[in-house]
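Engineer: below is the sequence, then the predicted model.
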Amino acid sequence: MAVKFVIIGGGPAGNTAATYAARLGAEVTLVERDVVGGAAHLWDCIPSKTMIATGGAMSFSRRIEGMGLSHQDARLDLEVQRARIAEIEHHLQSQVTQLLSSQGVRMISGSARLAGPHQVVADTDTESIELDADAILLATGSRPRIPDWAQPDGTRVLTTRQAYPPPEMPEHLVVIGSGVTGVEFVHMFTSFGAKVTLIVSRQQVLPAKDPEVAAALEDELLRRGVRLFKGARAERIDITDSVEVHCDDGRVAKGSHALLAIGSIPNTDGLGLEAAGIVTDGGYVPINHHCQSNLAHVYAAGDVSGKLPLSSVASMQGRKIAEHVMGIHSREHRHIDYEKAASAIFTEPEIADVGLAEADAFASGRKIRVTKVPYAAAAKAMINDDTGGFVKIISDPATGVVLGGSIVGRHAAELISVLALAVTANLKVTDIVESCLAHPTLSEALAEAAE
């Protein structure tokens, strides 16, 4: 008899788990209340990167004279941008839906809750469907966090999902939050020509990143005229003729609009987890290396698992869960090493990193070898008239094994895949050096840094 596998949530974790499990012979039912493909993915990640790509094109148009071209003044059309985002979202959603359908996955549009350890109830617009399950995956994602002191109105005070694109282009945007999402919005709107003030609660933007990397981004933000309120926490928003963001140190940031980019919270309320006996921690579902909750047959993946909130990680979790549900883990099975997951920030300059960070190594007293070269070492950077940035590689001084790395500059998100492979496969710096890379390319800077 086929394994009955019920998945709650159709984002990267849920749809990947559904596809793989169905291919392996499971009887899969997927319940999704918003959008197959994932709300956080299709309503956050994809539209933000679409707008960033447009902003990047506008920024490039302003400096094309360095490449022997006359300047052209590009202008943003919000309606065209809105239609472009909708088209991309629809295309991606259709692809996911067609793939699930082709694998025989039963899809139910509605909300789901656990009625017991092995029972799931799916509530649609017309009926309640009772589902028995041998295995259950919780992959319900997250939503933007809104503090008590802020009341987004969707017009002047926006959440991230209300700004893809915004109802109108801000003249002066106050961004609250300097993590990955916050700095991407700063980059996006300055590219569109808006003035931006950024509220930075710590003493550097991107507080979780390498200080040298954060400093490179700060330099670019200042060059763009961004005003930084460092060491300040927003605690009140007043709307008058302008939008005033009051900080705990007495400073007030004034603008035409404000944007909340202060993290997310997991969508686990209303799932019936407590009644089913599933342990939670701050709304998240703690998991082991197999992505199992405290109940062995109930798994969690994606944002609700409390691990790295990345679509790539969620997809990997989904695949691993499908294998575990179907018993594939009994053969050689590599667990997810979250410390070796590559991540990227789509600002200008682009930022990407993977593995051990230099600051963390020094903090723990671990001996490392750090090699760094500027982008200007690659001829392609000069050809692109974009030499800002660097490649930094962290390796073990005794063995030469690549432990991590950071890249700042054009196409960093693409180039980091080389270092991610090296970190995951325990390759040595000599493996990079001895690879015959194409010329002229930016990837040559990786070989230079590995020397």
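Structural biologist: Received the coordinates, thanks. Remember, it's a predicted structure, so these values are computed and weren't measured experimentally.

Engineer: any idea how far the nearest residue to residue 151 once chain neighbours are set aside is from residue 206?
Structural biologist: Once flanking residues are discounted, residue 151 sits nearest to residue 157: 6.7 Å by CB to CB, 6 or more residues apart in numbering. Where you see a C-beta, it was placed from the backbone N, CA and C, and this is true even at glycine. Going from residue 157 to residue 206 by CB to CB, to the nearest Å gives 24 Å.

Engineer: residue 314 looks like it's in a helix, true?
Structural biologist: Yes: assessed with DSSP: H, G, I helix; E, B strand; the rest coil, residue 314 lies in a helix.

Engineer: which residues does it contact?
Structural biologist: Residue 314 sits next to 11-13, 16, 38, 139, 301-303 when contact means CB atoms under 8 Å, 6 or more residues apart in numbering.

Engineer: and with 10 Å instead?
Structural biologist: For residue 314, the contact set (CB atoms under 10 Å, 6 or more residues apart in numbering) comprises 9, 11-17, 38, 40-41, 139, 141, 301-305, 307-308.

Engineer: residue 255 now?
Structural biologist: 156, 170-175, 194-197, 227, 242-245.

Engineer: now the two most distant members of those residues.
Structural biologist: Comparing every pair within those by CB to CB identifies 156 and 227 as the most remote, at 18.7 Å.

Engineer: so which of these two has more stuff around it?
Structural biologist: Remark: of residue 156 and residue 227, residue 156 carries more neighbours, 18 against 15, as counted by other CB atoms under 10 Å.

Engineer: in this structure the more buried one contacts residue 239, no?
Structural biologist: Yes: in this structure residue 156 lies within contact range of residue 239 using CB atoms under 10 Å: 5.8 Å.

Engineer: list residues touching both of those two?
Structural biologist: Shared contacts of residue 156 and residue 239, counting by CB under 10 Å, 6+ apart, come down to 257-258.

Engineer: just give the nearest non-adjacent residue to residue 303, would you?
Structural biologist: residue 142 (3.8 Å).

Engineer: also residue 451?
Structural biologist: Residue 451's closest residue in space is residue 433 (CB to CB, 6+ apart), at 6.0 Å.

Engineer: likewise for residue 410?
Structural biologist: Residue 410 sits nearest to residue 386 (CB to CB, 6+ apart), 5.1 Å away.

Engineer: contacting residues for the one you found?
Structural biologist: With contacts defined as CB under 10 Å, 6+ apart, the neighbours of residue 386 are 60, 63, 66-67, 348-349, 375-376, 380, 409-411, 442.

Engineer: how about residue 87?
Structural biologist: If you count contacts by CB under 10 Å, 6+ apart, residue 87 has them with residue 50.

Engineer: residue ranges for the strands of the stretch 251-400 of the chain, please.
Structural biologist: 252-255, 257-260, 264-266, 298-300, 343-345, 351-355, 369-374, 390-395 (DSSP state E, counting those that start in this stretch).

Engineer: can you say which of those strands is packed in most?
Structural biologist: Compared across the strands of the stretch 251-400 of the chain, strand 298-300 shows the largest average neighbour count, a mean of 28 (mean count of other CB atoms under 10 Å).

Engineer: still on that earlier bit, so the residue nearest to residue 451 makes contact with residue 450?
Structural biologist: Yes: using CB under 10 Å, residue 433 is in contact with residue 450, at 4.8 Å.

Engineer: lowest-confidence helix or strand of the protein?
Structural biologist: helix 39-40 (a mean of 82; mean pLDDT, DSSP states H and E).

Engineer: averaged over its residues, what pLDDT does the helix or strand hosting residue 173 have?
Structural biologist: Assessed by DSSP states H and E, residue 173 sits inside strand 172-176. Regarding strand 172-176, the rounded mean pLDDT is 98.

Engineer: that one: what's the following helix or strand?
Structural biologist: Using DSSP H and E, the helix or strand that directly follows strand 172-176 along the chain is helix 180-191.

Engineer: and that following helix, what's buried?
Structural biologist: Neighbour-count burial for helix 180-191 flags 180-191 (criterion: 16 or more other CB atoms under 10 Å).

Engineer: out of those, who's nearest residue 116?
Structural biologist: Taking CB to CB as the measure, residue 181 is the one of the buried residues of helix 180-191 closest to residue 116, at 37.2 Å.

Engineer: and the closest one, how far from residue 211?
Structural biologist: Distance from residue 181 to residue 211, by CB to CB: 20 Å.

Engineer: need phi/psi at the closest residue to residue 160 other than its chain neighbours.
Structural biologist: Nearest non-adjacent residue to residue 160, counting by CB to CB, 6+ apart: residue 144, 5.2 Å away. With angles defined as degrees, to the nearest 10, residue 144 sits at phi -60, psi 140.

Engineer: thought residue 144 was touching residue 164?
Structural biologist: No: taking contacts as CB under 10 Å, residue 144 lies outside contact range of residue 164: 11.6 Å.

Engineer: need the overlap of contacts for these two.
Structural biologist: With CB under 10 Å, 6+ apart as the test, residue 144 and residue 164 both reach 43-44, 158.

Engineer: what about the residues you listed, which are in strands?
Structural biologist: Members of the shared contacts of residue 144 and residue 164 lying in strands (criterion: DSSP state E): residue 158.

Engineer: now render the shared contacts of residue 144 and residue 164 as CSV, adding pLDDT, distance to residue 321 and neighbour count.
Structural biologist: Formatted as CSV, the shared contacts of residue 144 and residue 164 follow (pLDDT from 0 to 100; distance: CB to CB, whole Å; neighbours: other CB atoms under 10 Å):
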residue, pLDDT, distance to residue 321, neighbour count
43, 85, 23, 21
44, 87, 22, 21
158, 97, 35, 25
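
Engineer: closest one of the shared contacts of residue 144 and residue 164 to residue 112?
Structural biologist: Nearest to residue 112 among the shared contacts of residue 144 and residue 164, with distances taken as CB to CB, is residue 43, at 19.3 Å.

Engineer: re the thing from before, list only buried entries from the contacts of residue 255.
Structural biologist: Going by neighbour count (16+ other CB under 10 Å), the contacts of residue 255 have 156, 170, 172-175, 194-197, 242-245 buried.

Engineer: with distance to residue 312 and secondary structure as extra columns, can I get the residues you listed in CSV?
Structural biologist: Below are the buried ones among the contacts of residue 255 laid out as CSV (distance: CB to CB, whole Å; DSSP: H, G, I helix; E, B strand; the rest coil):
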residue, distance to residue 312, secondary structure
156, 34, coil
170, 31, coil
172, 34, strand
173, 29, strand
174, 31, strand
175, 25, strand
194, 30, coil
195, 34, strand
196, 28, strand
197, 32, strand
242, 40, coil
243, 35, strand
244, 39, strand
245, 33, strand
